[in-house]
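Asker: Predicted model and sequence below, questions to follow.
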Amino acid sequence: MATAWNDVLFASELWNRALESYGNAAHLTMKLFDSDAHVIFGPIHPTPLFQLFAETNGYDPGMFGECARRCVAQTNDRPAVIVSEFYGLSVIGTSLMLDGEMVGAAVGGYAFVDFSQLSEVQRLARNSGISFDRLWEVARAQKPVSRDRLASNGQLLQVLGDALLRENHRTRQYEDAVVKLEETGRAKDRANQELQHAASALHRMNEDLKGFAFAASHDLQEPLRTVTVYSQLLVQRAGEQLNGEAARWAGFIEQGTDRMRNLLLGLLAYINIAQTGGEPSHCIGLNDALNSALKNLKEAIQESGASVTSDPLPRVVGQEVHFIQLFQNLIGNAIKYRGPSPPCIRISGQKCGSQWRIAVSDNGMGIDPEYHQTIFGVFKRLHGTKIPGTGIGLSICQRIVERYGGRLWVESQPDAGATFYLTLPIAENEKP
């Protein structure tokens, strides 16, 4: 494995932290080797015995290197844990493999398996040049490890090594992707645009939705229900005893709680649209979504005497419920903010390059250009409480369009009606 890849697969900070924790728990000194059995880094978490060897003319029994060579020489898809023993000492090692390729080894030692055999300690003292008394003192202070426990520690090291490799491999895959993206300027620009879009969407979600979801769905609605129930009970039980002013106050309470409930429901709808999860998207017909929205608005259309006409609309990728909500909000607003004449609403669509452009036009009271951006904000209402509403509908429409890679804007003048335009990508199976 090339040195450049070693820097990625064996990022020292991640491996150091992990092997330090493992060595501390298993009472072992750790070393990491590459595929040629060369030390990448270590020792990590030197034990008293390891330090004693290092302080005595740098004595090295060679067990770490020998165990590493045996590890990297393995060819099985699932290599065995290697245990090497010498003079009553043991080291454990595991091969590090990624996608069937040997990339290195992790080795830990020294463990005393047979340290209680005095003869082994005497042989090690003679071979290392360390006085028997010093070596025996360290040996007696270190707890013995059974071979079963040593094998279990080796299996744990194998699992840890696999997990660390996979984590660092993601970095390697990212580097590969970056290299490929840099091969063409077009691919790089596309990646930057996607990154900017994701960052902008995340920023908006963090700013707009932080802390709203739980409060809106749980904490805030419960006291509203309580206020509504008790105000209704008060009116029912007091009955005729309530004078005109008291009855009017009770009505204000009920109206206020209804408005707050509608605000919370609108807020929840806004949050649900902004979230990227949910049902998968598929190719749907905008004509079907429009027809469903018109059915939902049937009563409002009849009461206002509105006329709604539409050209044939395209098929796009998305969830039908979102586009029903989109048309329902836009057409509902055209009816709500109508002028002196009965509402005349027209929906049309045309292909513009790689996108569809849908237009929803009306003959209503219009919007001053000064407020063309303001109206898409959450809780932004131009007419106060004169016209019922929550100020969330257009925010939901904008989120729906942006969720599917499009844009929503308005062109309007006061007393001249309004046209809301939205763009949506052409579905792959609809392209020529």
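Answerer: Structure received. Numbers count the residues shown, from 1 in each chain.
Asker: can you tell me the helix or strand for T309?
Answerer: Element membership for T309, per DSSP states H and E: strand 307-310.
Asker: Which residue ranges of the stretch 101-250 of the chain form helices?
Answerer: 118-128, 132-141, 147-181, 185-209, 212-214, 221-238, 244-274 (DSSP state H, counting those that start in this stretch).
Asker: Comparing those helices by mean pLDDT, which bottoms out?
Answerer: Lowest mean pLDDT of the helices of the stretch 101-250 of the chain: helix 212-214, a mean of 56.
Asker: before we move on, back to that, the strand holding T309 packs against which elements?
Answerer: On a contact count with 3 or more Cβ pairs under 8 Å, 6 or more residues apart in numbering; DSSP states H and E, strand 307-310 meets helix 286-296, strand 344-352. C-beta here means a position set from N, CA and C on the backbone, and glycine is covered the same way.
Asker: moving C-terminal of the last one, what's the next helix or strand?
Answerer: Tracing the chain past strand 344-352, the next element assigned as helix or strand by DSSP H and E is strand 355-362.
Asker: Mind listing what's buried along that next one?
Answerer: Buried positions in strand 355-362, judged by neighbour count with 16 or more other Cβ atoms under 10 Å: Q355, W356, R357, I358, V360, S361, D362.
Asker: is it true that the first one touches L422?
Answerer: Spelled out, it's Q355. No. At 9.7 Å, Q355 and L422 do not qualify as touching, with contact defined as Cβ atoms under 8 Å.
Asker: Need the overlap of contacts for these two.
Answerer: Residues touching both Q355 and L422 comprise G406, with contact defined as Cβ atoms under 8 Å, 6 or more residues apart in numbering.
Asker: and the helix or strand following the strand holding T309, what's its mean pLDDT?
Answerer: Remark: after strand 307-310, the chain's next helix or strand is strand 315-318, criterion DSSP H and E. Mean pLDDT, strand 315-318: 90.
Asker: Using PDB, list the CA coordinates for strand 315-318.
Answerer: Presented in PDB, the C-alpha positions along strand 315-318 are these (Å, rounded to 0.1, in the frame of the first residue of the first chain):
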ATOM      1  CA  ARG A 315     -45.800  15.400 -15.300                       C
ATOM      2  CA  VAL A 316     -43.000  16.100 -12.700                       C
ATOM      3  CA  VAL A 317     -41.100  14.200 -10.000                       C
ATOM      4  CA  GLY A 318     -42.400  14.700  -6.500                       C
END
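Asker: packing partners for that strand?
Answerer: Other helices and strands packing on strand 315-318, by 3+ Cβ pairs under 8 Å, 6+ apart, are strand 282-285, strand 418-425.
Asker: one more time with 7 Å
Answerer: On a contact count with 3 or more Cβ pairs under 7 Å, 6 or more residues apart in numbering; DSSP states H and E, strand 315-318 meets strand 282-285.
Asker: Give me the mean pLDDT for the strand it packs on.
Answerer: In the prediction, strand 282-285 has an average pLDDT of 87.
Asker: What are the buried residues along the longest strand anywhere in the chain?
Answerer: Criterion DSSP state E: the longest strand present in the chain is strand 101-112. Residues of strand 101-112 classed as buried: M102, V103, G104, A105, A106, V107, G108, G109, Y110, A111, F112 (neighbour count, 16+ other Cβ under 10 Å).
Asker: okay but the last one is in contact with A139, surely?
Answerer: Just to be clear, that refers to F112. Yes. Here F112 lies in contact with A139, judged by Cβ atoms under 7 Å, at a distance of 6.2 Å.
Asker: rewinding a little: pull up the pairing partners for the longest strand of the chain, direction included.
Answerer: strand 29-34 (antiparallel), strand 89-98 (antiparallel) (DSSP bridges).
Asker: now it: how far from the chain's centre is it?
Answerer: With Cα atoms, centre = their mean, to the nearest Å as the basis, strand 101-112 stands 35 Å off its chain's centre.
Asker: Using PDB, write out every CA atom in that strand.
Answerer: Coordinates of each C-alpha in strand 101-112 appear next as PDB, following Å, rounded to 0.1, in the frame of the first residue of the first chain:
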ATOM      1  CA  GLU A 101      -6.500  -6.300   0.100                       C
ATOM      2  CA  MET A 102      -4.000  -6.600   2.900                       C
ATOM      3  CA  VAL A 103      -3.200  -3.100   4.100                       C
ATOM      4  CA  GLY A 104      -1.400  -3.700   7.400                       C
ATOM      5  CA  ALA A 105      -1.500  -5.100  10.900                       C
ATOM      6  CA  ALA A 106      -2.200  -4.000  14.500                       C
ATOM      7  CA  VAL A 107      -0.100  -5.700  17.200                       C
ATOM      8  CA  GLY A 108      -0.300  -5.500  21.000                       C
ATOM      9  CA  GLY A 109       2.000  -6.800  23.700                       C
ATOM     10  CA  TYR A 110       3.500  -7.900  26.000                       C
ATOM     11  CA  ALA A 111       1.200 -10.200  28.000                       C
ATOM     12  CA  PHE A 112       2.500 -12.700  30.500                       C
END
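Asker: 376 is where my numbering starts, stick with that
Answerer: Taking 376 as the first residue, the last one we looked at is strand 476-487.
Asker: That one relative to helix 522-556, how many degrees between them?
Answerer: With axes from the mean of the first three to the mean of the last three Cα atoms, to 10 degrees applied, the angle from strand 476-487 to helix 522-556 works out at 150 degrees.
Asker: mind giving me the domain ranges of this structure?
Answerer: As given by automatic domain parsing, the domain ranges for the chain are 378-556, 560-653, 654-807.
Asker: Let me know the next secondary structure element after the helix or strand hosting A443.
Answerer: Using DSSP H and E, A443 falls within helix 438-447. Past helix 438-447, further along toward the C-terminus, the next helix or strand under DSSP H and E is strand 457-461.
Asker: Please work out the angle formed by the directions of that next one and helix 438-447.
Answerer: Going by the same axes, to 10 degrees, strand 457-461 is angled at 150 degrees with respect to helix 438-447.
Asker: and strand 457-461, what's its mean pLDDT?
Answerer: Strand 457-461 comes out at a mean pLDDT of 82.
Asker: Strand partners (parallel or antiparallel) of it?
Answerer: Strand 457-461 has the following strand partners under DSSP bridges: strand 464-473 (antiparallel).
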